[in-house]
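1. Provided below are the primary sequence and the corresponding predicted coordinates.
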2 protein chains.
Amino acid sequence: MAETPTRSQRADARRNVEAILDAAVRVLARDPDASVAVIAREAGVGRVTLYGHFQNRVALLSAVVDRALNETTAAITEARLEEGEPFDALARLVVATWSVTHRHGALVVAAQRSLPQDALTSAHAAPMAAAETLFERGQRSGVFRDDISAAWLVTLLHNVTHGASTAVHDGQLDAVEAPRLILATMAGTVTPPGTPVPSALDHAVGGVS
Amino acid sequence: MAETPTRSQRADARRNVEAILDAAVRVLARDPDASVAVIAREAGVGRVTLYGHFQNRVALLSAVVDRALNETTAAITEARLEEGEPFDALARLVVATWSVTHRHGALVVAAQRSLPQDALTSAHAAPMAAAETLFERGQRSGVFRDDISAAWLVTLLHNVTHGASTAVHDGQLDAVEAPRLILATMAGTVTPPGTPVPSALDHAVGGVS
């Protein structure tokens, strides 16, 4: 029978897991094809220790993605989307989701290559539900067009944000420009036909990258 | 020394290549992880014949993607983007790119998983250049906003179209709805701030799927 780990052994294990996840984010942000060996070296742990916590590269990548999406949900909660004018709340949503996505760099690419679509979809469920609530609020109040489903608007925000992140990673887009472009896209899309596209949103994303 | 193939042998080889590419599109449209063996069976050729034309799965996938992008370029050329009102031309661009993308179904997913980003980027160069020319024309004529780069608008169309294709494949979006949503997104994004979003574009995508 295995011995019960002591409290300090459990604390060590937790520290190792956090160090491995932090290292994975740093390494994968530079190179989406980075191996487990490179991540272990960056984390300052042995490969045996890493495999003790994560059975394989996919399991490690899953844990990194889960943590990233938890951070996204926290950032969205902090953006208080239930408050204020829907276009202003949309600007806060764009800033919150862009910041977390951009910080994780090529992790997005690594995850798309290696994780099954089901796992990616379920990891995004919580932040996507929060975003959908805002789109529905804007539609109910007549400020956002309601002939486009809130679910599509969420999918769009997801694709546009990830597309911008990939473009920045490929050197095709300046990171400072990205939130303004994402917001212009989302604001233009939710504006009801026949209504002018709002022009005073840029201040909301100034200085974000 | 290998014998020079006869004219009828060369014709056989061409037919086999076309049959393999057609089979790959059909099989990958259903299952992005389909193996070379399944594709050979669908094409009615032996695996040895298939590997005689395509060294490995990645080479086959590359050839399928190249052909799909050539079809996209042809569809865009046929849409005569250089003619007429920029918003109407944008509607024709959306219809052309959606039709080809949707017909290839999960090939998009298969390609993103298996092909290096460089190969995907260069395969998209020709249709993307054609789309960029339209966005620049709309900007020069003052109909499209010019504070968003034409290059970003192309990236956006690419991401939104692929996102819609994935959503249809996952059963989250009705294929008949997709071109309308893509056009609403693109039209809203190119509308200059302070200008009303055009409302009479839906006729342009009616009946497309």
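-> Yep, that arrived.

2. got a list of contacts for stretch A:49-68?
-> With CB atoms under 8 Å, 6 or more residues apart in numbering or on different chains as the test, stretch A:49-68 has contacts from A:13, A:16-17, A:20-21, A:24-25, A:28, A:35-36, A:39-40, A:43, A:100, A:104, A:107, A:110-111, A:114-115, A:119-120, A:123. Glycine gets a C-beta too; all of them are placed from N, C-alpha and C.

3. Please narrow those to those residing in helices.
-> Applying DSSP state H to the contacts of stretch A:49-68, the entries found in helices are A:13, A:16-17, A:20-21, A:24-25, A:28, A:36, A:39-40, A:43, A:100, A:107, A:110-111, A:114, A:119-120, A:123.

4. Under the pLDDT cut-off, which ranges of chain A? List them.
-> A:1-3, A:200-209 (pLDDT under 70).

5. and chain A, which residues reach chain B?
-> A:109, A:112-113, A:117, A:121, A:145, A:147-148, A:151-152, A:155-156, A:158-160, A:162-164, A:167, A:170, A:172-173, A:181, A:184-185, A:187-199 (CB under 8 Å from any CB of the partner chain).

6. Show me the domain layout of chain A.
-> Split into domains by automatic domain parsing, chain A comes to A:1-55, A:58-205.

7. which of those sits most buried?
-> Across the domains of chain A, averaging neighbours per residue (mean count of other CB atoms under 10 Å in any protein chain shown) puts domain A:58-205 on top, at a mean of 19.

8. can you give me the offset of that one from its chain's centre?
-> 8 Å (CA atoms, centre = their mean, to the nearest Å).

9. got it, and stretch A:55-66?
-> 15 Å.

10. Before we go further, residue A:145 is sitting in a strand, right?
-> No. Per DSSP: H, G, I helix; E, B strand; the rest coil, residue A:145 lies outside any strand segment and is coil.

11. Contacts only, for residue A:20.
-> Counted by CB under 8 Å, 6+ apart, residue A:20 has contacts A:39, A:40, A:43, A:45, A:50, A:53, A:54, A:60.

12. Work out for me the element the fifth one sits within.
-> With the criterion set as DSSP states H and E, the secondary-structure element containing residue A:50 is helix A:47-53.

13. Using PDB, write down the CA coordinates of the helix or strand following that helix.
-> Of the helices and strands lying after helix A:47-53 in sequence (DSSP H and E), the nearest is helix A:57-78. Extracted C-alpha coordinates of helix A:57-78, given in PDB (Å, rounded to 0.1, in the frame of the first residue of the first chain):
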ATOM      1  CA  ARG A  57       1.400  16.000 -23.200                       C
ATOM      2  CA  VAL A  58      -2.400  16.100 -24.000                       C
ATOM      3  CA  ALA A  59      -3.200  15.900 -20.200                       C
ATOM      4  CA  LEU A  60      -0.800  18.700 -19.500                       C
ATOM      5  CA  LEU A  61      -2.100  20.800 -22.300                       C
ATOM      6  CA  SER A  62      -5.700  20.200 -21.000                       C
ATOM      7  CA  ALA A  63      -4.700  21.400 -17.600                       C
ATOM      8  CA  VAL A  64      -3.100  24.600 -19.000                       C
ATOM      9  CA  VAL A  65      -6.200  25.300 -21.100                       C
ATOM     10  CA  ASP A  66      -8.500  24.700 -18.100                       C
ATOM     11  CA  ARG A  67      -6.500  27.200 -16.000                       C
ATOM     12  CA  ALA A  68      -6.500  29.700 -18.900                       C
ATOM     13  CA  LEU A  69     -10.200  29.500 -19.300                       C
ATOM     14  CA  ASN A  70     -10.700  29.800 -15.500                       C
ATOM     15  CA  GLU A  71      -8.700  33.100 -15.700                       C
ATOM     16  CA  THR A  72     -10.900  34.200 -18.600                       C
ATOM     17  CA  THR A  73     -14.000  33.600 -16.600                       C
ATOM     18  CA  ALA A  74     -12.500  35.500 -13.600                       C
ATOM     19  CA  ALA A  75     -11.600  38.400 -15.900                       C
ATOM     20  CA  ILE A  76     -15.200  38.500 -17.400                       C
ATOM     21  CA  THR A  77     -16.700  38.400 -13.900                       C
ATOM     22  CA  GLU A  78     -14.500  41.400 -12.900                       C
END
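
14. returning to what we had before: a markdown table for the domains of chain A, including distance to residue B:67?
-> Shown next, in a markdown table, are the domains of chain A (distance: least, CB to CB, whole Å):
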| stretch | distance to residue B:67 |
| --- | --- |
| domain A:1-55 | 27 |
| domain A:58-205 | 23 |
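
15. And residue A:72, how close does it get to chain B?
-> 18 Å (CB to the nearest CB, to the nearest Å).

16. Hmm, residue A:97 is touching residue A:72, no?
-> Yes. Contact between residue A:97 and residue A:72 holds when scored by CB atoms under 8 Å: they sit 6.1 Å apart.

17. what's the overlap in contacts for those two?
-> Among the neighbours of residue A:97, those also in contact with residue A:72 (CB under 8 Å, 6+ apart) are residue A:127.

18. Many thanks, have a good one.
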